[in-house]
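Participant: Sequence first, then the predicted structure:
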Amino acid sequence: MTEASNIPSRVDRAENDIIDIKLAISALISTTEVHQRNIETMNRNIEGMFQIMTQSLQRMEAMESEIRDIKTEIRGLQTENRRMLDILQQRNSDDT
């Protein structure tokens, strides 16, 4: 008889346990949704940073090409200056 009278209290405890489990599951689902949104935001941020880095790299490559062209021009000007200096020095030595 004592076991039969225990059944309602056991059912109450089981119902309470089920409610606790449902609340825990609900909290886990909410936490998972928050984490999922955070991950999606981080992915968007990473993609944006990757695009910025790609654009920066392209600009740097363009600048590198321009610098190479400028160096070539400077070398050409140096060669031309040396040639002109040689001509002027030859004229000075011919005049003396």
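Facilitator: Everything's here; your move. Remember, predicted model here, so these are calculated numbers, not experimental data.
Participant: quick one: pLDDT of residue 4?
Facilitator: The confidence metric pLDDT takes the value 63 at residue 4.
Participant: do residue 91 as well
Facilitator: 88.
Participant: Now name the helix or strand holding it.
Facilitator: Here residue 91 is covered by helix 2-95, with elements defined by DSSP states H and E.
Participant: Next one: the most centrally placed residue in the chain relative to residue 56, how far apart?
Facilitator: With distances taken as Cα atoms, centre = their mean, the chain has residue 49 as the residue nearest its mean C-alpha position (3.6 Å). Taking Cβ to Cβ, to the nearest Å as the measure, residue 49 falls 10 Å from residue 56. To be clear about C-beta, it is placed using only N, CA and C from the backbone, and glycine gets the same treatment.
Participant: do residue 48 as well
Facilitator: Here the distance between residue 48 and residue 56 works out to 13 Å (Cβ to Cβ).
Participant: dump the residue contacts of the residue nearest to the centre of the chain.
Facilitator: Contact partners of residue 49, counting by Cβ atoms under 8 Å, 6 or more residues apart in numbering, are absent.
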